[in-house]
Structures are given as C-alpha cells and as structure tokens.
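In: Kindly return the folded structure for what I paste below:
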Amino acid sequence: GGGITGWDLAGSAVFCLSMSFKQIAIYYAPAFFFYLLGRCLRTPGGRVAQWINVAKLGAVVAATLGLVLLPWILTGRPEEVAQVFRRVFPIGRGLYEDKVANFWCAAGPLLRIKQRLSDSTALLLSLGTTLAALLPGGCSPSA
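Out: Now for the predicted structure:
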C-alpha cells in the first residue's frame with residue numbers, strides 16, 4: 001500500500017532521537033529520508049494528500065529535534081544552540097575529521113585537494129559529490 005502510517009511517524013521521531021544521541025546515525029539519514037519521501041509520494045488521494053503527509057513528517061522531525069534542543073534553546077543564548085550544531089557537524093575542522101574522512105583522506109593526497117582548493121570550496125565539493133551519489137538510489141522507483 002501507499003502512504004505513511006503512524007509507525008512511519010513514530011519511526012521518524014525515534015530516528016531523530018538516535019541521531020541526537022549518536023551522530024553516526026546521520027549516515028543512515030538519506031535512506032530513511034528517501035524511504036519516507038517515497039511513502040509520502042505514494043499516498044492515494046493526489047498531491048494534496050501527499051503534501052499533507054510530507055508536512056506531517058516535517059512536523060514530527062521539527063518537534064522531536066525541538067524537544068531535544070529545548071535545554072539549549074531555553075538558555076536564551078543562540079550561540080549555545082549553534083555550539084551544538086558545530087559539535088555534531090564539525091566542518092570547521094575540514095574534510096579530514098575522524099569518522100567522516102574515509103574518501104577524502106584517500107583522495108586528498110592523490111588529488112592534492114588541500115593545496116588546490118580552499119576549505120570552503122572543498123566542503124562544497126564534498127556536499128555536491130555526496131548529493132550526486134545519493135540521487136540515483138533516492139530517485140529510482142522502488143518495487
């Protein structure tokens with residue numbers, strides 16, 4: 001069948017909690033995202049019903065992350081929330097950060113990325129290649 005279920009919404013909340021607990025779970029986020037997006041787009045009832053399901057998922061994700069971040073939000077200091085994001089996504093340290101650098105550590109010396117590109121350009125290259133690698137699997141129709 002098509003469409004999202006209560007289990008999909010609950011799974012979204014639990015997955016957000018897992019990402020908040022251990023950032024390594026972010027590696028699985030594209031698979032979850034495309035799976036749930038596909039479920040939304042297979043909702044019977046036309047585009048309105050599909051967008052309502054996308055909005056439901058977005059609300060669950062926003063509410064879950066809002067609750068997780070609430071202690072930092074309540075401090076009243078936006079830099080506290082920003083610090084959480086800098087710790088989860090340590091891009092300020094460059095592409096060669098532990099756990100996320102496997103391809104870039106191997107390609108860096110061969111392509112001389114550090115000598116040829118600025119850190120910001122290398123990060124954009126990393127983002128672009130990651131998104132390009134995700135698109136074929138994310139856009140293919142599922143069985």
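
In: pLDDT score for the most centrally placed residue in the chain?
Out: Centre of the chain computed as the mean C-alpha position; nearest residue by C-alpha atoms, centre = their mean is A29, 5.1 Å away. In this prediction, A29 carries a pLDDT score of 84.

In: Show me which positions of the helix or strand where W104 lies end up buried.
Out: Here W104, judged by DSSP states H and E, is contained in helix 102-111. By neighbour count on 16 or more other C-beta atoms under 10 Å, the buried set for helix 102-111 is 104, 108. Using the backbone N, CA and C atoms, a C-beta is placed for each residue, glycine as well.

In: Quick check: which helices or strands does it pack against?
Out: helix 113-116 (3 or more C-beta pairs under 8 Å, 6 or more residues apart in numbering; DSSP states H and E).

In: show me the residues around R39 that make contact.
Out: 2-4, 8, 53 (C-beta atoms under 8 Å, 6 or more residues apart in numbering).

In: Just give the number of residues close to the closest residue to the residue nearest to the centre of the chain other than its chain neighbours.
Out: Of all residues not flanking A29 in the chain, M19 sits nearest, at 6.7 Å (C-beta to C-beta, 6 or more residues apart in numbering). A count of nearby residues for M19, using other C-beta atoms under 10 Å, gives 21.

In: pull the helix or strand with minimum mean pLDDT from this protein.
Out: The weakest-scoring helix or strand in the chain, judged by mean pLDDT, DSSP states H and E, is helix 102-111 (a mean of 75).

In: Alpha carbons of it, as CSV, please.
Out: Extracted in CSV, the C-alpha atoms of helix 102-111 (Å, rounded to 0.1, in the frame of the first residue of the first chain):
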residue,chain,number,x,y,z
ASN,A,102,37.5,8.0,4.7
PHE,A,103,37.1,9.0,1.0
TRP,A,104,38.7,12.4,1.5
CYS,A,105,41.7,11.1,3.3
ALA,A,106,42.3,8.7,0.5
ALA,A,107,41.7,11.2,-2.3
GLY,A,108,43.3,14.2,-0.7
PRO,A,109,47.0,13.2,-1.3
LEU,A,110,46.2,11.9,-4.8
LEU,A,111,44.3,14.9,-5.9
